[in-house]
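> quick one, what's the 3D model for this:
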Amino acid sequence: MSEELNLVRDLAVILVSAGLFTIISKALKQPLILGYILAGFLVGPHISWFPGIASEETVRQWSDIGIIFLMFGLGL
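Just a heads-up that it's a prediction; the model follows:
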């Protein structure tokens, strides 16, 4: 059960940080993709001072799901 909770917690951290950096990048009049890249860098497992993802495996799972949605959206 804790595996699913960690997966959901990681998703929440990813979405909240993406939302915050979207607001910041809009306020600075920068492209949104720059905010998303910065959020992904800070949430990743290599930065320890930011509350982020603990497992690299969950990052890979969510990135695969994100790429699937991106490709589906581009196909429509």
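
> would you mark the buried spots in the helix or strand encompassing residue 9?
Secondary structure from DSSP states H and E places residue 9 in helix 2-27. Buried residues in helix 2-27, counted by 16 or more other C-beta atoms under 10 Å: 10, 13-14, 17-18, 21, 25. Any C-beta I mention is one placed from the backbone N, CA and C, and that applies to glycine too.

> switch the residues you listed over to CSV; also include distance to residue 47 and pLDDT.
Output for the buried residues of helix 2-27, formatted as CSV (distance: C-beta to C-beta, whole Å; pLDDT from 0 to 100):
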residue, distance to residue 47, pLDDT
10, 14, 80
13, 12, 83
14, 14, 82
17, 11, 86
18, 15, 86
21, 14, 90
25, 18, 92
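
> wait, residue 47 sits on residue 41?
Yes - contact criterion C-beta atoms under 8 Å: residue 47 and residue 41 qualify, at 7.1 Å.

> so which residue is dead centre in the chain?
Central residue of the chain (C-alpha atoms, centre = their mean): residue 14, 3.5 Å from the mean position.

> which residues touch that residue?
39, 43, 53, 62 (C-beta atoms under 8 Å, 6 or more residues apart in numbering).

> can you get me a residue count around residue 73?
8 (other C-beta atoms under 10 Å).

> check the offset of the strand or helix carrying it from the chain's centre.
Following DSSP H and E, one finds residue 73 within helix 56-75. Centre-to-centre, helix 56-75 and its host chain are 10 Å apart (C-alpha atoms, centre = their mean, to the nearest Å).

> who are the packing partners of it?
On a contact count with 3 or more C-beta pairs under 8 Å, 6 or more residues apart in numbering; DSSP states H and E, helix 56-75 meets helix 2-27.

> just checking the distance from the helix it packs on to the centre of its chain.
6 Å.

> quick check: angle from the host helix or strand of residue 36 to helix 56-75?
According to DSSP H and E, residue 36 maps onto helix 32-43. Counting by axes from the mean of the first three to the mean of the last three C-alpha atoms, to 10 degrees, helix 32-43 lies at 170 degrees to helix 56-75.
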